[in-house]
Every structure is written in C-alpha cells, then in structure tokens.
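Trainee: curious how this folds, go ahead:
(chains A, B and C)
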Amino acid sequence: MMWKTKLISTPKGFNFGLTVRSHGWYNLAPFFYDATRNTLSYTFAGTKGKPVAAVISEVRNGVRIDLDRAVPDRSGIEEKVRHILRLDDELNAFYEGCCTGTEFDWVRKRGAGRLLRSPTVYEDLVKTLCTTNCSWALTEKMVSNLVDMLGGGSHFPDPETMAAQDEKFYRNEIKAGYRSPFFVELARSVASKSVDPEEWLTSELPTDELKKQIKSVKGVGDYAAENMLKLLGRYDGLALDSWLRGQFYKKHNSGKVCSDKKIEKRYSKYGEWMGLAIWCDMTEDWHH
DNA sequence: GCGTCCAGGTCTACC
DNA sequence: GGTAGACCTGGACGC
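Mentor: Numbering: from 1, shown residues only, chains lettered A, B, ... in the order given. Okay, the predicted model is just below:
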C-alpha cells in the first residue's frame, strides 16, 4: 500500500506546539517550523536518492502527516514521526510523581515534557556536537551547511556520505573548526558499524554505563552525553551547559553564579526525572 | 577598524 | 581525580 497523507493518534494530553518548541532543535535544518500555521516540516532522505518532504500538523486527537509524494507503508516515515514527537514516551510517572501538586503542575496540565528529536540518534549526536562551545548562531550555521553541502540542500546526510569527506572539508566548508576530526571519526565509525548510536535507544545498560559508552565518541563530554541521554529518554543527568546555568542563576539564585552541586541539589528530589524537571523549569517562560 | 571576550565544552598533559 | 591551557568560529562589545 502507498500513502501520501496519514493521520496518527497521539497520547492523551499531547501538546503538539509545546513538543515542537521544547528546545532549539526545531530551528535546525532540515526541520522548519511555521509558527503561523503551527506546522513542522522535515525532509527525509528517502530511498534511491529521492527525498520525501513531510509537513506535520496538529489535528483533533492526533497529528497529520502530508508528504510531497506517495510512499509505501514500509517507508518507515510514520514510525519516524512518532520517534520525532516522542509519541510513545511514557511520561505518566513523571507527571504523577514530579508534577502533580508541585511547581511543575503546569507541565502535566499543558502536556509539556516531550523533547523533540531527530529521526535518528546519529543525527541528534552530530547536532549535539554542533552545539558544543559555540553560539547558537554557529550551531545553526554548521547544521545548515551539512544539509546544504552533503544533503542536497534538503535532508540530513547519512553517515556514509559524511564519512566520505575529510577533516579539511569540515573545517573549510562546514566551518566546524576543531570539531572537524570528531565528525570524520564519528561518521566513519558509524558507517563501518563499529559504533551504532541507534542501539543506544534500546540499550539495557544502566544509565552511567551508557553515558560512558556515549562519551567514548570523541568530542562528546559530560554535557553532550547527558543531552543525548535526554533525547534517548533517560533524564537522570542535568546536561548543564552555560545557557542552562545562566537561566538557573537568573531564576533561582538572584542572578548570582553558584556551583553545579547547588543546582543539582535543587532537582535531586526528582530522581530519575531531574534532567526533564530542570529543562521544563528553565524553559517555562518560552511557553506563555 | 581592531582587539578581546565568550557562547548551549572537550581533550590532553600534567600534577 | 582534578585542573590549566589550547582549540575553531563568529557576533558583541569597548576603544
């Protein structure tokens, strides 16, 4: 069977807009968010070099996917949209255990807490590397350069395509600077299957062991690994970066710098959900 | 126009 | 295990 438009149901209380705008990913190519229409566009690589552009919009009790051409059921696009929007994430434990009757009741009531992610863990990993030690503007530039130069201007390049380029290309064309050798090594490791980021989604390793595994990727330190863990659905790390710290200082410490331990102490009561708790707390004013 | 700082950090060498 | 210094880029800022 082929399809071009599909409706998929969403979990009770799911909030499309808050999920899309849950963090900066919706501004990174090949995502495009149309705020006026409240639609999220994404172009999938497709098969045989034929990309498929999707527009995802909110409908009653679900979301609608509109493609620019018909694809077979086995294309996997429906599953990828479910993955992107975290439709299969089980958040009831977080809503009931951390939000009900607490400062985060708004998260439960409004259906927040689902962090947008890319269709593949590999894409999220490359994008996370692009967020390290630079301005958000440079992150956007690096990612759009990858899409423009290696994804035909439409889709995110696969590991094989990225592995075919050398460090010089990433330095000169992508403007990745010192991250360039990290991209080459990561892409070649994934292309040769010596590293399989997609396996992290279903890994049964304890979070600290999985974090070590993620950190074995060159260029991935504490922040990047914990950010990846959040996108994998594990929230027991805070993924502190300079932006998150700055927000905390403003909201909870009268604008004054404090230690990471103090930040951790405030959210430690949320246990395995502390990473999601701090993220919702620090981004609350995005959603007014 | 120029120099400095630093932003959604990490790695290496050294102690 | 803890820490200083180096590392690309590019926008903001002060002079």
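Trainee: ok, stretch A:19-36 near DNA strand C or not?
Mentor: No. Stretch A:19-36 stays clear of DNA strand C (C-beta under 7 Å from any atom of the strand), getting no nearer than 14.8 Å. Any C-beta I mention is one placed from the backbone N, CA and C, and that applies to glycine too.
Trainee: endpoint to endpoint, that stretch covers what distance?
Mentor: 16 Å (C-alpha to C-alpha, to the nearest Å).
Trainee: one more: stretch A:149-157?
Mentor: One end of stretch A:149-157 sits 9 Å from the other (C-alpha to C-alpha).
Trainee: again, but for stretch A:152-160
Mentor: End-to-end for stretch A:152-160, by C-alpha to C-alpha: 14 Å.
Trainee: need the residues that contact it.
Mentor: A:29-30, A:43-46, A:51, A:53, A:118, A:122-123, A:126, A:146-147, A:150-151, A:186-188, A:190-191 (C-beta atoms under 8 Å, 6 or more residues apart in numbering).
Trainee: and for stretch A:33-48?
Mentor: Here stretch A:33-48 makes contact (C-beta under 8 Å, 6+ apart) with A:16-17, A:20-21, A:26-27, A:30-32, A:51-58, A:71, A:75, A:77, A:80, A:84, A:119, A:151, A:154-156, A:158.
Trainee: in ChimeraX, select just the buried ones from those residues.
Mentor: The ChimeraX selection below is limited to those of the contacts of stretch A:33-48 classed as buried (16 or more other C-beta atoms under 10 Å):
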select /A:16,17,20,21,26,30,31,51,52,53,54,55,56,58,71,75,77,80,84,119,151,154,155,156,158
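Trainee: grab the nearest non-local neighbour of the residue in the stretch 151-288 of chain A that DNA strand B sits nearest to.
Mentor: In the stretch 151-288 of chain A, the residue that lies nearest DNA strand B is A:Gly221 (2.3 Å; C-beta to the nearest atom of the strand). Closest residue to A:Gly221 apart from its sequence neighbours, by C-beta to C-beta, 6 or more residues apart in numbering: A:Lys215 at 6.7 Å.
Trainee: what about that neighbour, how many neighbours?
Mentor: 16 (other C-beta atoms under 10 Å).
Trainee: do the same with A:Met1
Mentor: Neighbours of A:Met1 under the rule other C-beta under 10 Å: 6.
Trainee: do the same with the one 10 residues further on
Mentor: Residues within reach of A:Pro11, counting by other C-beta under 10 Å, total 16.
Trainee: cool, the one 3 residues further on as well?
Mentor: The burial count assigned to A:Phe14 is 20, neighbours taken as other C-beta under 10 Å.
Trainee: likewise for the one 5 residues further on?
Mentor: Under the neighbour criterion other C-beta under 10 Å, A:Thr19 is assigned a count of 24.
Trainee: check which helix or strand covers it.
Mentor: Using DSSP states H and E, A:Thr19 sits in helix A:16-20.
Trainee: and the next element down the chain from that helix?
Mentor: Next along from helix A:16-20, by DSSP H and E: strand A:32-34.
Trainee: mind listing what that following strand pairs with, with the direction of each?
Mentor: Applying DSSP bridges, strand A:32-34 is found paired with strand A:39-47 (antiparallel).
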